[in-house]
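K.L.:
Following is a predicted model, sequence given first.
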Protein chains: 2
Amino acid sequence: MRRKRFGNTPAGTGVVTMADVAARAGVSAQTVSRVIGRPEMVTEETRKRVQDAIRALNYIPNEAARNLASNNSRVVAVVIPTLSSSAFAAQVKATIDMLEMRGISVIIGNSEYSVLREEQIIQTFLERRPMGFILTGLHHTPRAMDLLRQSGVPVVETWDTDAPPIDCAAGFSNIAAGRDVGALLLKRGAQRIAFVGGAAKQDSRANGRFVGLAQAVQEAGLPPPERIELVLPMSTQDGIRGLDAVLAQAPLTDAIFFSADSLALAALLECNRRGLRVPEQLAICGFGDFDLAGLVTPALTTVRIQPDLMGRTSAELLLARVDGDEAPRTVALQHQLIRRGSA
Amino acid sequence: MRRKRFGNTPAGTGVVTMADVAARAGVSAQTVSRVIGRPEMVTEETRKRVQDAIRALNYIPNEAARNLASNNSRVVAVVIPTLSSSAFAAQVKATIDMLEMRGISVIIGNSEYSVLREEQIIQTFLERRPMGFILTGLHHTPRAMDLLRQSGVPVVETWDTDAPPIDCAAGFSNIAAGRDVGALLLKRGAQRIAFVGGAAKQDSRANGRFVGLAQAVQEAGLPPPERIELVLPMSTQDGIRGLDAVLAQAPLTDAIFFSADSLALAALLECNRRGLRVPEQLAICGFGDFDLAGLVTPALTTVRIQPDLMGRTSAELLLARVDGDEAPRTVALQHQLIRRGSA
DNA sequence: TTGTACGCGTTATCAT
DNA sequence: ATGATAACGCGTACAA
């Protein structure tokens, strides 16, 4: 049993290792490993001795070594368009909380609504050999899909179930949500509906909502909805710009569907300020059911989508796949139209 | 040169390794390593051969092995109270974006406003040997501080500069912010000021704001402010509960300082609904300058704090420490009183 | 129940 | 500029 330490190795951390614990407890390193990983496989007594040694030495296992030896990183990679959106933040939070219980860490990448950035992030993250990826949406670059396929990591896609997933998905139908909104606005008597949302090229989920809305409008025999595409990332203020653009390009508009509550709220408050009566003169519907949606006057009609459930479900789906359990290919979460005063 | 692969080792990944690349390029593994890490140390020609081999084999370096050999994890750990707050989310986003450029991944822990949970998270994260920690606030459990000190990792504390940091800090003075708010409310003619915010035990930053407010009030010779402590985590709706609690416990209150804009906005909108005139009957001041703060009517008077700058600065501070560069011990970010209509 | 031998994929060191 | 060799700290497999 050779002993080493201190300058023996240049790369050495000078930090206590499993061998040190083993020496102090008078057992082999393997036993220490067992006490940590499968305590039930060790005698009550030795276990205690080892645990004492661990405490005495302030031993902290080295994940990198563990990863290398066990070929399991205990890391899950999450890529979202941005954290500056309460919905994505809520989703990520739920995912973290869920995985933390299993000792899994989450690394997060912000794609800034660019599939190219997403591809880069995926490539970088792959170096950490994550247990799986949780991505946003179903649209990615061909190379990104190749990378994922070749690496063989499980992939869960979120926020969209309107196309087949790479591997599996936990999301909702943006098209169905858009249709529901369209139906509601039409029922309210709207004749000229407009849509304000992120550019289709950047945000295929928002595009899905528009598609659903357009379907509903077309089926009602009305002219297709006016569409204002905002460049992402967008600010809350863009809601007002969207409103202005609609009023300029389609002055007869009597209802607007915003692809996010932040935009809708900004527009609604601006209408109040301008004396434009909502919903009488202009009906407004948002998306996301943000905290303040129910508190403004008139209260904002919107679509609720449970980002936290999505975060939890996507994590569960990933874990099931990793554990080799049976797992559904697509989990369709329900959206819910929240009808309030603004539409 | 022994060759191995396929079932030779049970733990084997069956995935292409550096040795494979080396073999294909007709060089040693070390050279491949150099091409990846210090390309300038390799001849133009061999570099090209190696890079071709990398592409041809779809080689992806293994971070775990890299970590173990180089004793550098390329991971930074961030612990915040919650991601469900736009300010923390913005901060984390900025940190991620900043570190991503250096190939560093960020792992995030949600302490749920509990120093005990924070301690657990720190202990777990320590297993990944992060390059450093970015924590929230200056208050932690003794054991957490011990763990950090013993491990020797750099620590940057954020959101507070009102006490000495463990290592270094990038934040602002909550006390000064509270004083400024107090001064403003007093100047506006408020006589009975109330404070609504997270429980002091849970949120020492909010407590700092209260302390500053109380100082200003006391110096003006007025009775100490009424204080409503909300249990964390809190929802936007709690703003209304806080408002009600204030009105019940101190009916003569003419100004309320909320420790977060979400609360203030909820209360302000509720006042509008109830016909309670703001600021004439009740002045309201928030904290954080959320997106919608300037859009409600009356617009919300609040304190702006630049969470994104804090996220970036804390990351820079950490990097400087890691690189051994000169770095200030405390970076004091400026807060800014944004006077609008509500106070 | 516990110990021994070895490999995980990479970087650091020291030669050449 | 490139290569050989030895860690890095742990888990797996199998023996005892």
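P.N.:
That came through, no problem.

K.L.:
you'd agree A:Ala169 is in a helix?
P.N.:
No. Looking at A:Ala169 with DSSP: H, G, I helix; E, B strand; the rest coil, it is strand, so not inside a helix.

K.L.:
wouldn't it be in contact with A:Asp162 here?
P.N.:
No. Between A:Ala169 and A:Asp162 there is no contact under CB atoms under 8 Å: 9.8 Å. C-beta here means a position set from N, CA and C on the backbone, and glycine is covered the same way.

K.L.:
Overlap in contacts, those two.
P.N.:
Common neighbours of A:Ala169 and A:Asp162, using CB atoms under 8 Å, 6 or more residues apart in numbering or on different chains, are A:Leu138.

K.L.:
Just want to know which of those two has more residues nearby.
P.N.:
The neighbour comparison of A:Ala169 against A:Asp162 (other CB atoms under 10 Å in any protein chain shown) goes to A:Ala169, with 29 against 19.

K.L.:
quick one, what contacts the more buried one?
P.N.:
Per CB under 8 Å, 6+ apart, neighbours of A:Ala169: A:Leu138, A:Val156, A:Glu157, A:Thr158, A:Asp160, A:Thr161, A:Arg329, A:Thr330, A:Val331.

K.L.:
now, which of these sits nearest chain B?
P.N.:
A:Thr158 (15.8 Å; CB to the nearest CB).

K.L.:
got the contact list for that closest one?
P.N.:
Contacts of A:Thr158 (CB under 8 Å, 6+ apart): A:Gln91, A:Ile134, A:Leu135, A:Thr136, A:Gly137, A:Ala169, A:Ala170, A:Gly171, A:Met310, A:Gly311, A:Ser314.

K.L.:
Just the buried positions in stretch A:317-334, please.
P.N.:
For stretch A:317-334, the neighbour count (16 or more other CB atoms under 10 Å in any protein chain shown) marks A:Leu317, A:Leu318, A:Leu319, A:Ala320, A:Arg321, A:Val322, A:Ala327, A:Val331, A:Leu333 as buried.

K.L.:
Hmm, the first one is touching A:Arg329, no?
P.N.:
No. Contact criterion CB under 8 Å: A:Leu317 and A:Arg329 do not qualify, at 9.3 Å.

K.L.:
and the gap between A:Glu44 and A:Gln51?
P.N.:
Using CB to CB, to the nearest Å, A:Glu44 is found at 11 Å from A:Gln51.

K.L.:
These two: which has the busier surroundings?
P.N.:
Each of A:Glu44 and A:Gln51 has its neighbours counted (other CB under 10 Å); A:Gln51 has more, 18 against 8.

K.L.:
What is the helix or strand harbouring that one packed up against?
P.N.:
Secondary structure from DSSP states H and E places A:Gln51 in helix A:44-57. Applying 3 or more CB pairs under 8 Å, 6 or more residues apart in numbering or on different chains; DSSP states H and E, we find helix A:44-57 packed against helix A:18-25, helix A:29-37.

K.L.:
Figure out which of those is closest to B:Ser33.
P.N.:
Closest to B:Ser33 of those, according to CB to CB: helix A:18-25, at 26.5 Å.

K.L.:
Helix A:29-37 and that closest one, what's the angle between them?
P.N.:
Counting by axes from the mean of the first three to the mean of the last three CA atoms, to 10 degrees, helix A:18-25 lies at 100 degrees to helix A:29-37.

K.L.:
contacting residues around helix A:18-25?
P.N.:
Here helix A:18-25 makes contact (CB under 8 Å, 6+ apart) with A:1, A:3, A:28-29, A:31-33, A:46, A:49-50, A:52-54, A:56-57, A:59, A:61.

K.L.:
Compute the inter-axis angle for that helix and helix A:44-57.
P.N.:
Interaxial angle, helix A:18-25 versus helix A:44-57 (the same axes, to 10 degrees): 120 degrees.

K.L.:
Helix A:18-25 near DNA strand D anywhere?
P.N.:
Yes. Residues of helix A:18-25 contacting DNA strand D under CB under 7 Å from any atom of the strand: A:Met18, A:Ala19.

K.L.:
name the element the closest residue to DNA strand D within the stretch 201-343 of chain A belongs to?
P.N.:
Across the stretch 201-343 of chain A, the shortest distance to DNA strand D (CB to the nearest atom of the strand) belongs to A:Val322, at 13.8 Å. Using DSSP H and E, A:Val322 sits within helix A:307-323.
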